[in-house]
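**Student:** Pasting the sequence and the predicted model now:
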Amino acid sequence: MKNIIFKLLEYIYYFSLVILFVLYLFPGSLIGYFLYGNLGQQPNLIPNPIGTSINHFIYFSYITILATAIKTRVNNIFTDYKIILFVAFILEILHFIVPNRAFEYYDLLANMFGVIIVLLLKKIIK
């Protein structure tokens, strides 16, 4: 049973990575399109002073939690936190060239903090 749970977590992690790439590299906001019928509108999951950057923090925290959970069984390049940080950085930098997307420093910081906070919490818990 435990192996099935880890395998399911692994599939969820890889599927979440694919979704991350699709959402980041699509020219416009797919979620905004599905929720509001507008490719130019980003959804704000939680009302806050930094705007939609909280979405980035939440998703990268989620990805990092999944990666650290499956790293005990699957130790490959995709579960390494350095690669997740690299992906967080590169995906936001690619917004310079993806049409209808804009690079934002707050989004980049939220991506990085999403990964770093989970890693710090993991270290504190251990």
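**Tutor:** All right, it came through fine. All values derive from a computational prediction rather than experimental measurement.
**Student:** All the helices of the protein, residue numbers only.
**Tutor:** 2-25, 30-36, 53-70, 81-93, 105-125 (DSSP state H).
**Student:** Least confident of those helices, on average?
**Tutor:** Looking at the helices of the chain, the lowest mean pLDDT belongs to helix 30-36 (a mean of 86).
**Student:** Quick one: list the elements packing against that one.
**Tutor:** Applying 3 or more C-beta pairs under 8 Å, 6 or more residues apart in numbering; DSSP states H and E, one finds that helix 30-36 contacts helix 2-25. (Each C-beta comes from the backbone N, C-alpha and C, glycine too.)
**Student:** For the helix it packs on, give me every contacting residue.
**Tutor:** 30-31, 59, 62-63, 66-67, 69-70, 72-74, 78-79, 87, 91-92, 94-95, 98 (C-beta atoms under 8 Å, 6 or more residues apart in numbering).
**Student:** and it, which residues are buried?
**Tutor:** Leu9, Glu10, Tyr13, Leu17, Leu20, Tyr24 (16 or more other C-beta atoms under 10 Å).
**Student:** That one to helix 81-93, inter-axis angle?
**Tutor:** 20 degrees (axes from the mean of the first three to the mean of the last three C-alpha atoms, to 10 degrees).
**Student:** how about the CA coordinates for helix 2-25, as CSV?
**Tutor:** Output in CSV follows, covering the C-alpha atoms of helix 2-25 (Å, rounded to 0.1, in the frame of the first residue of the first chain):
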residue,chain,number,x,y,z
LYS,A,2,2.8,2.4,0.9
ASN,A,3,4.4,1.8,-2.5
ILE,A,4,1.2,2.6,-4.3
ILE,A,5,0.9,5.9,-2.4
PHE,A,6,4.5,6.9,-3.3
LYS,A,7,3.9,6.0,-6.9
LEU,A,8,0.8,8.1,-6.9
LEU,A,9,2.6,11.0,-5.4
GLU,A,10,5.3,10.6,-8.0
TYR,A,11,2.8,10.7,-10.9
ILE,A,12,1.1,13.7,-9.3
TYR,A,13,4.4,15.5,-9.1
TYR,A,14,5.4,14.9,-12.7
PHE,A,15,1.9,15.8,-13.9
SER,A,16,2.1,19.0,-11.8
LEU,A,17,5.4,19.8,-13.4
VAL,A,18,3.9,19.5,-16.9
ILE,A,19,1.0,21.7,-15.8
LEU,A,20,3.4,24.2,-14.5
PHE,A,21,5.3,24.4,-17.8
VAL,A,22,2.0,24.7,-19.8
LEU,A,23,0.6,27.5,-17.6
TYR,A,24,3.9,29.4,-17.6
LEU,A,25,4.7,29.1,-21.3
